[in-house]
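*Asks:* Would you be able to build a 3D model of this:
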Amino acid sequence: AKNKFGSLLDAAQRNPVTINKKGRAVAVIMSLEDFQHYEEIEDKFWAMQAIEAKKSGFLSEEDSRKFLDDL
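*Replies:* Numbering: from 1, shown residues only. Got it, this is the predicted structure:
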């Protein structure tokens with residue numbers, strides 16, 4: 001990766017590239033567009049989780065803070 005960084009960046013624009021160290025995957029390089037897309041998906045996932053938690057009777061953020069402060 002360090003010897004062909006420019007080529008690595010070019011390849012990452014097309015598909016995520018896995019970086020291996022001593023035969024095991026340690027990192028992934030991807031385009032900024034792909035990264036932003038993954039972040040958007042993650043944000044939507046956690047928003048859905050929060051909605052489901054609220055429906056199930058979990059404490060609101062405000063109630064959670066009060067509970068923790070009271071401890």
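*Asks:* tell me which element residue 2 falls in.
*Replies:* Using DSSP states H and E, residue 2 maps to neither a helix nor a strand.
*Asks:* mind checking how far it is from residue 70?
*Replies:* To residue 70, residue 2 is 52 Å away according to CB to CB, to the nearest Å. From N, CA and C alone the C-beta is placed, and that goes for glycine too.
*Asks:* so where does residue 42 fall, helix or strand?
*Replies:* Counting by DSSP H and E, residue 42 is part of helix 32-55.
*Asks:* Let me see the mean pLDDT of that helix.
*Replies:* When pLDDT is averaged along helix 32-55, the result is 93.
*Asks:* which secondary structure elements does that helix contact?
*Replies:* Taking 3 or more CB pairs under 8 Å, 6 or more residues apart in numbering; DSSP states H and E as the contact definition, helix 32-55 has no neighbouring helices or strands.
*Asks:* can you pull the buried residues of it?
*Replies:* residue 34 (16 or more other CB atoms under 10 Å).
*Asks:* which residues sit against that helix?
*Replies:* When contacts are defined by CB atoms under 8 Å, 6 or more residues apart in numbering, helix 32-55 is touched by residues 16, 30, 60.
*Asks:* Mind doing that once more with 7 Å?
*Replies:* Contact with helix 32-55 is made by residue 16, as judged by CB atoms under 7 Å, 6 or more residues apart in numbering.
*Asks:* ditto for stretch 4-13
*Replies:* With contacts defined as CB under 7 Å, 6+ apart, stretch 4-13 is touched by 1, 17, 29, 30, 31.
*Asks:* that older thread, quick one: the helix holding residue 42 to chain centroid distance?
*Replies:* 9 Å (CA atoms, centre = their mean, to the nearest Å).
*Asks:* Equivalent analysis for stretch 21-41, please.
*Replies:* In terms of CA atoms, centre = their mean, the gap separating the centre of stretch 21-41 from the centre of its chain is 9 Å.
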